[in-house]
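Peer 1: Here's a sequence, model it:
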Amino acid sequence: MTKSGRGLIKTLLMSATILTAAPAWGQDSENSDVNERLDRLEALVNNLIERLDAKEPANQGTSLSGDAATARQAQQALQAARALAERTAAVEQKVAEQAVATQQVAEKSDEANGFNVGKTRVTYGGYVKLDVISERTSGGQVASSSIARDFLIPGAIPVGGESSGFDTDFSARQTRFFLKTETDVGDDHKIGSHIELDFMVTDGGDERISNSFAPRVRQAYITFDNWLFGQTWSTFQDVSALPEAMDFIGPTPGTVFDRQPMIRYTRGGLQIALEQPETTITTPTGARIIAGDDSLPDIVVRYNHTGDFGHLTAAAIGRVLRVNEDDFGLIDDSTIGYGLSLSGKLNIGERDDFKFMATAGEGLGRYIGLNIVNDAAVRDDGSLTPIATYSGFLAYRHFWSDKWRSTISGSYFKADNPVLLTTGLVTDESWNLFGNIVYSPVVPLDIGIEYMYAKRQIEDGASGNLQKVQMSAKYKF
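Peer 2: Residues are numbered from 1 along each chain as shown. As a prediction, the model looks like this:
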């Protein structure tokens, strides 16, 4: 055979070998294109073998010449490549079918809790929760109509009175519902909204007959690309750092907790917000004044860092606390409030986690522990002095199994009150401890029991504690 013939056979053999050894090439091409290439190569090889067999000398017996052997190797390689291509096509078909099935499941899941109105997708969610709470206080009786019977409010723990027995209440008013929308407006823009309602801290019926409660707006905001306009959790608060608790909040004395209207911009982990201002003042008689004279928004800058370890958040806030004499006589002043909060969640092992928060500053009163103390006090000359506060909490959650888990947590709050200006009746410190165990027989349902001990001490040294056992059942949808 000529050199060009031998070169052609070697080329065919190399092509067949490539097809056999590199199935990924076939995956990146259309199956029909692969088959066409194999058909052409196989036809050339068969043609060459026929020509070589016709020229093969009779005296060589059954031994093939080098050229014929090479051609038959190419033929075998092509047959292996064709078989591999068929197997690859079958695998690709199965993967494609699985992808379609997964997409259909996702679409059905999305359709299950939502619907379309024109170009707008509407989804909903929330939970139904029953709480059974039995609590006692050492420093006085909490009225049956008080919201302090529904969840821990550190500043409302009675001090200086006679201890109460255990009082038991059933309630479903923490039940929550939300609607979300997302509208396709084109031009790579995203616009959406969130409206959320529950029935906490609102007026309504009593425990005798109806147990009815009026709904309230928890959150209501618009999102447009990186912007948020409306009411939601304060940017100064790290909601994802809150531990799992049967109580409405849990580590209340040590946490930032505030929802309010705002304008927020988010870019990656950075958030900058202008939020509703509101100054709370303690008068020389110990009374609280909510002035409503604020003119500049609270400014919050926050950065979130996430990774496989969990997340870390740092937030800073600046405030202008202000009261006018046209509303409160001799009180006419403004002062600066500020603070820093560090918080996060650290993953431990496969499922456990450790959560924490530490916050310090001056003039932060209404942001900490449901306004345990006020933002500022009034001097004799009518000027304002901000009140310094320090707070934080730690929490650890452990999964005993797929269906059982527990959380233990402790929190602490301390105020540096100017006692000569606030009297000795304001809160000096508060702390609490709680532990729970939660059983989830199925994923959407949680059934748990929790024990909590909380204490409050005022500046004159008097104190009171609260003990609470709470059982809850919650169905999330």
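
Peer 1: Only C-alpha atoms from now on, for both contacts and neighbour counts.
Peer 2: Will do.

Peer 1: all helices for the stretch 251-400 of the chain, in order.
Peer 2: 325-328 (DSSP state H, counting those that start in this stretch).

Peer 1: Strands along that one, start to end?
Peer 2: Taking DSSP state E, counting those that start in this stretch, the strands of the stretch 251-400 of the chain run over residues 259-267, 270-275, 280-282, 288-290, 298-307, 310-323, 333-348, 352-362, 376-378, 384-386, 388-399.

Peer 1: ok, of these, where does mean pLDDT dip lowest?
Peer 2: Of all the strands of the stretch 251-400 of the chain, strand 288-290 carries the lowest average pLDDT, namely a mean of 90.

Peer 1: which residues are contacting that one?
Peer 2: Contact with strand 288-290 is made by 278-283, 374, as judged by CA atoms under 8 Å, 6 or more residues apart in numbering.

Peer 1: May I ask which of those has the most neighbours?
Peer 2: Neighbour counts for the contacts of strand 288-290 (other CA atoms under 10 Å) peak at Asn374, which has 30 neighbours.

Peer 1: Quick one: neighbours of the spatially closest residue to that residue that is not a sequence neighbour, just the number.
Peer 2: Computed as CA to CA, 6 or more residues apart in numbering, the closest residue to Asn374 that is not its neighbour in sequence is Gly365, at 4.5 Å. Neighbours of Gly365 under the rule other CA under 10 Å: 25.

Peer 1: ok, Gly365 - contacts?
Peer 2: Gly365 touches 280, 371-376, 387, 389, counting by CA under 8 Å, 6+ apart.

Peer 1: same thing with Ala388?
Peer 2: 360-364, 415-417.

Peer 1: hang on, the earlier thing: in CSV: the contacts of strand 288-290, plus distance to Ala148.
Peer 2: As requested, these are arranged in CSV below (distance: CA to CA, whole Å):
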residue, distance to Ala148
Glu278, 23
Thr279, 23
Thr280, 20
Ile281, 22
Thr282, 21
Thr283, 24
Asn374, 19
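
Peer 1: from those, which is closest to Ile157?
Peer 2: Of all those, Ile157 sits closest to Asn374, with 16.3 Å by CA to CA.

Peer 1: could you measure the closest one against Arg216, distance?
Peer 2: Note on Asn374: its distance to Arg216, by CA to CA, to the nearest Å, is 25 Å.

Peer 1: Over to Val201?
Peer 2: Taking CA to CA, one finds Val201 at 8 Å from Arg216.

Peer 1: How about Gln457?
Peer 2: 32 Å.

Peer 1: Of the two, which one has the most company?
Peer 2: Comparing Gln457 with Arg216 by other CA under 10 Å, the one with more neighbours is Gln457, at 24 against 15.

Peer 1: before we move on, which element is the more buried one in?
Peer 2: strand 445-458 (DSSP states H and E).

Peer 1: for that strand, what is the average pLDDT?
Peer 2: 98.

Peer 1: contacts for it?
Peer 2: The set of residues external to strand 445-458 that reach it, using CA under 8 Å, 6+ apart, is 154-155, 157, 159, 245-246, 424-440, 463-476.

Peer 1: rerun that using 7 Å as the cut-off
Peer 2: 154, 157, 246, 424-440, 463-476 (CA atoms under 7 Å, 6 or more residues apart in numbering).

Peer 1: C-terminal to that strand, what's the next element?
Peer 2: strand 463-476.

Peer 1: export that following strand as PDB, just CAs?
Peer 2: Extracted in PDB, the C-alpha atoms of strand 463-476 (Å, rounded to 0.1, in the frame of the first residue of the first chain):
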ATOM      1  CA  SER A 463     -36.000  43.400  91.900                       C
ATOM      2  CA  GLY A 464     -38.500  40.900  90.600                       C
ATOM      3  CA  ASN A 465     -38.400  37.700  88.700                       C
ATOM      4  CA  LEU A 466     -40.600  35.800  86.300                       C
ATOM      5  CA  GLN A 467     -40.800  32.000  85.700                       C
ATOM      6  CA  LYS A 468     -42.600  30.700  82.700                       C
ATOM      7  CA  VAL A 469     -43.400  27.300  81.200                       C
ATOM      8  CA  GLN A 470     -44.600  27.500  77.600                       C
ATOM      9  CA  MET A 471     -45.900  24.800  75.300                       C
ATOM     10  CA  SER A 472     -46.400  25.600  71.600                       C
ATOM     11  CA  ALA A 473     -47.600  23.900  68.500                       C
ATOM     12  CA  LYS A 474     -46.800  25.600  65.100                       C
ATOM     13  CA  TYR A 475     -47.700  24.600  61.600                       C
ATOM     14  CA  LYS A 476     -45.700  26.500  58.900                       C
END
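
Peer 1: Parallel or antiparallel, which strands does that strand pair with?
Peer 2: In the sheet, strand 463-476 lines up against strand 120-137 (antiparallel), strand 445-458 (antiparallel) (DSSP bridges).

Peer 1: Out of these, which one sits most buried?
Peer 2: strand 445-458 (a mean of 21; mean count of other CA atoms under 10 Å).

Peer 1: How far away from the center of its chain is that strand?
Peer 2: 23 Å (CA atoms, centre = their mean, to the nearest Å).

Peer 1: on that earlier part again, identify, from the contacts of Ala388, the entry nearest to Gly337.
Peer 2: Gly363 (4.3 Å).

Peer 1: ok, Ala241 - contacts?
Peer 2: 343-345, 355-356.

Peer 1: could you dump those residues to TSV with neighbour count and distance to Arg121?
Peer 2: As requested, these are arranged in TSV below (neighbours: other CA atoms under 10 Å; distance: CA to CA, whole Å):
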residue	neighbour count	distance to Arg121
Ser343	25	34
Gly344	22	33
Lys345	22	32
Lys355	22	35
Phe356	24	36
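
Peer 1: Distance to Lys119 for those residues - can I get that in TSV?
Peer 2: Shown next, in TSV, are these (distance: CA to CA, whole Å):
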residue	distance to Lys119
Ser343	39
Gly344	38
Lys345	37
Lys355	40
Phe356	42
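
Peer 1: of those, closest to Pro253?
Peer 2: The closest of these, once distances to Pro253 are taken by CA to CA, is Phe356, at 13.0 Å.

Peer 1: For the closest one, which non-adjacent residue is closest in space?
Peer 2: Leu394 (4.5 Å).

Peer 1: Tell me what that neighbour is bridged to.
Peer 2: Per DSSP bridges, the residues bridged to Leu394 are Phe356, Gly410.

Peer 1: quick one: it from Gly410, how far?
Peer 2: 6 Å.

Peer 1: and if you look at Arg302?
Peer 2: Taking CA to CA, one finds Arg302 at 25 Å from Gly410.
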